[in-house]
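Trainee: curious how this folds, go ahead:
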Amino acid sequence: MPTGYVLGVNIGFHDSSAALLRDGALRVLIEQERLSRRKHAVGQPPAEAVAACLAAEGIGPADLDAVAIGWDFRVLPLGRNRRFTDEGLRAMLFPGADDLVMPPVRWVKHHIAHAASAYYSAGVRDAAVLVIDGAGETQATSVGSALDGDIEILREWPVTQSLGFFYNAAAEWAGLGYWGTGKLMGLAAYGRAGQDMPLRAVSGGYEIRHDEQAGKAGVRRSAAGPLLAYYPVVAEGVNPAFARHFPFVPRTGEEPIAYADFAASVQEALEDAVLELAAEARRRTDVPVLTLSGGVAMNCTMVGRLVRSGLFDTVYVPPVPTDAGVSLGAALVVAAEAENFSPTVIDHAYWSLDIDPAGAAASVSEAGLVARRLDRDALARAAARSLAEGKVVAWARGRGEIGQRALGTRSILADPRDRKSLERLNVIKGREMWRPVAPSILAEHVESLIEGPVGPPSRFMLAAARVRADARLTVPAVTHVDGSARPQTVHRETNPDYWSLIDAFREITGVPAVVNTSFNLAGEPIVASAADAVSTFVRGKELDLLVLGDTLVARSEDDLPTP
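Mentor: Residues are numbered from 1 along each chain as shown. So this is what the prediction gives:
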């Protein structure tokens, strides 16, 4: 029964990561892309993430009691690859440690790892389980139960019925690319659903109809086929249906607004399917809590509809439901075998690396920037005043977030009262002008801006909601074209620095929210280190100020606000 240190890793096809537990409690989780600076870390093993986790805890590979892997490649032909022997794993995860006796390796099924990352983090005894992603070993969707610590999968859908791949294929068809699923979700708000889709909800779940024309001449093939062998099967199966209704292709650099109705129809089909899956999970388990994970859980419009549906009293989505989260899930599965297992309840996302003060000072100096050190209250007031004056503030303070949402430790902030904030942020980040940005709202005041329930997913900006009709002119920068927003509720106990900033902004303006988008430029991962933050600030020339740790950084003395 492993106790002590358990290292969990994702060594899958993308979003590799490492998570370190001590006696079942989460200590640190690091996504490889944050360190390698290659978005999604496609094809990269998490060697840098592993090393950073061990360094953060001050231990070495020999101190590990087990290594848990969030895939069981042994059931696939891929598992015969020499990379997955003890010798290969040692070289992959601990390069240079040639004399290391490899700790015991545990292979955890991919969907069990996904389910565990949500269930053991939710702080509940019993839950229904729903995992929806591109592909596990042989499955793409799983419905299960988690009762008194034990996870059981009750029903599965094969990879040929992948909702994740269906949505990826639709994003590619609209000219947004394989990784453009978030863009497709944002585009859906501009359109009207009603077009026939090859995906439909059926009693107890859903089905994806594969067209008999798949693979024949004239059907557009995916550029992302090498990512997973299964993906082209789904993409080529649904593309003929897409082609019958939407045969045109956006030219390079052209805004794909013409695909708005297509996007809305895809989104509605996905939501209908997931609601039927959730209803099936409730019927099979009869418990009032749902834990949701897998890459499709990043679809905040779908999660918001699920929260509002009333199918469950509570819907919990972890901050990293994607494949990067299976490092945590696999480690938790192994740690749960120990007596007195007491996992960490994850009610915040700040589990990555902190800002190093020495590194921050050196980076600022090398870049020729100026800085002023301030205490927490003065820093919050200065940043809030700058936002109220229309400035854009980059904010890198505290331990970084895990997951794809910036949640107030690696964020770019602006004034939600001015619609031009949206335009300016999209220019800074090199994004399409039709894409929305989100609000961070003081938890105590969320009802003044948002109507209806937002639930636990709002802690991680993972559920869309309606902006109150009487508030849309107050916060136009974060109100999407359909009247929705993707709110983050900010709690004083989990991020007091960020809470203080927003509260200071509220005292100045009367608005208990700021615009929050991720601190990165187009095509780059969210910044992790002080050096990343300074480099991005220098290149993002329209960024006015940078809060870096406990310092306020500007391009010149004249640009520094008074305390």
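Trainee: what is the least confident helix or strand in the protein?
Mentor: The weakest-scoring helix or strand in the chain, judged by mean pLDDT, DSSP states H and E, is helix 231-245 (a mean of 90).
Trainee: give me every residue that touches the residue nearest to the spatial centre of the chain.
Mentor: Centroid-nearest residue in the chain, with CA atoms, centre = their mean: Q404, separated by 3.0 Å. Listed by CB atoms under 8 Å, 6 or more residues apart in numbering, the contact set of Q404 reads M298, V320, T322, S518, I526. Where you see a C-beta, it was placed from the backbone N, CA and C, and this is true even at glycine.
Trainee: again, 7 Å this time
Mentor: M298, T322 (CB atoms under 7 Å, 6 or more residues apart in numbering).
Trainee: confidence score at it?
Mentor: Model confidence at Q404, given as pLDDT, is 97.
Trainee: look up phi and psi at it.
Mentor: Dihedral pair for Q404: phi -90, psi 0, per degrees, to the nearest 10.
Trainee: convert the C-alpha atoms of the least confident helix or strand of the chain to PDB, please.
Mentor: Below are the C-alpha coordinates for helix 231-245, written out as PDB (Å, rounded to 0.1, in the frame of the first residue of the first chain):
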ATOM      1  CA  TYR A 231      -9.200  10.700 -34.800                       C
ATOM      2  CA  PRO A 232      -9.300  10.400 -38.600                       C
ATOM      3  CA  VAL A 233     -11.900   7.600 -38.300                       C
ATOM      4  CA  VAL A 234     -14.300  10.000 -36.600                       C
ATOM      5  CA  ALA A 235     -13.300  13.100 -38.600                       C
ATOM      6  CA  GLU A 236     -13.700  11.400 -41.900                       C
ATOM      7  CA  GLY A 237     -16.900   9.800 -40.700                       C
ATOM      8  CA  VAL A 238     -18.600  13.100 -40.000                       C
ATOM      9  CA  ASN A 239     -17.000  15.400 -42.600                       C
ATOM     10  CA  PRO A 240     -19.400  14.300 -45.400                       C
ATOM     11  CA  ALA A 241     -22.300  15.400 -43.300                       C
ATOM     12  CA  PHE A 242     -20.600  18.700 -42.700                       C
ATOM     13  CA  ALA A 243     -19.900  19.100 -46.400                       C
ATOM     14  CA  ARG A 244     -23.500  18.600 -47.500                       C
ATOM     15  CA  HIS A 245     -24.500  21.700 -45.500                       C
END
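Trainee: buried stuff in it?
Mentor: 231-243 (16 or more other CB atoms under 10 Å).
Trainee: next one: stretch 533-545
Mentor: A533, V534, S535, T536, F537, G540, L543, D544, L545.
Trainee: next one: stretch 105-124
Mentor: Within stretch 105-124, the residues that count as buried by 16+ other CB under 10 Å are 105-122, 124.
Trainee: go on, stretch 432-449?
Mentor: So, applying 16+ other CB under 10 Å, buried residues of stretch 432-449: 434-443, 445-446, 448-449.
Trainee: pull the contacting residues for E451.
Mentor: E451 sits next to R466, R468 when contact means CB under 7 Å, 6+ apart.
Trainee: how close does it get to I502?
Mentor: Taking CB to CB, to the nearest Å as the measure, E451 falls 20 Å from I502.
Trainee: do the same with G204
Mentor: Taking CB to CB, one finds G204 at 44 Å from I502.
Trainee: these two: who's more crowded?
Mentor: I502 (28 against 13; other CB atoms under 10 Å).
Trainee: what is the rounded mean pLDDT of the helix or strand hosting the more buried one?
Mentor: Element membership for I502, per DSSP states H and E: helix 496-509. Mean per-residue pLDDT for helix 496-509: 98.
Trainee: gap between R22 and Y120?
Mentor: Taking CB to CB, one finds R22 at 15 Å from Y120.
Trainee: and stretch 541-554, how far from the chain's centre?
Mentor: 25 Å (CA atoms, centre = their mean, to the nearest Å).
Trainee: can you give me the end-to-end span of it?
Mentor: End-to-end span of stretch 541-554 (CA to CA, to the nearest Å): 11 Å.
Trainee: of the buried residues of stretch 533-545, which belong to strands?
Mentor: Judged by DSSP state E, the subset of the buried residues of stretch 533-545 located in strands is L545.
Trainee: what's the farthest-apart pair in the buried residues of stretch 533-545?
Mentor: S535 and D544 (16.8 Å; CB to CB).
Trainee: check contacts around R74.
Mentor: For R74, the contacting residues are W107, by CB under 7 Å, 6+ apart.
Trainee: what pLDDT does it get?
Mentor: Looking at R74, its pLDDT is 87.
Trainee: any idea how many residues pack against D211?
Mentor: 18.
Trainee: now G452
Mentor: Count around G452 with other CB under 10 Å applied: 12.
Trainee: looks like it contacts R466 (just checking).
Mentor: Yes - with contact defined as CB atoms under 7 Å, G452 reaches R466; the gap is 6.0 Å.
Trainee: can you list the buried residues in stretch 177-190?
Mentor: Y178, W179, G180, T181, K183, L184, M185, G186, L187, A188, A189, Y190.
Trainee: on that earlier part again, so which of the buried residues of stretch 432-449 sit within strands?
Mentor: Counting by DSSP E, the buried residues of stretch 432-449 contribute A438, P439, S440, I441, L442 to strands.
Trainee: ignoring the adjacent residues along the chain, who's closest to the fourth one?
Mentor: Translated: I441. Of all residues not flanking I441 in the chain, A513 sits nearest, at 4.3 Å (CB to CB, 6 or more residues apart in numbering).
Trainee: ok so, going back, which among the buried residues of stretch 432-449 gets closest to V326?
Mentor: Nearest to V326 out of the buried residues of stretch 432-449 is A438 (CB to CB; 25.5 Å).
Trainee: read off the pLDDT value for the closest one.
Mentor: 98.
Trainee: got a list of what the closest residue in space to it that isn't next to it in sequence touches?
Mentor: Ranked by CB to CB, 6+ apart and with sequence neighbours excluded, the top spatial neighbour of A438 is R486, at 4.3 Å. Listed by CB under 7 Å, 6+ apart, the contact set of R486 reads C300, A438, M461, A464.
Trainee: inside strands: which ones of these?
Mentor: Filtering these for strands - DSSP E - leaves A438.
Trainee: closest one of the contacts of R486 to A358?
Mentor: Nearest to A358 out of the contacts of R486 is M461 (CB to CB; 31.3 Å).
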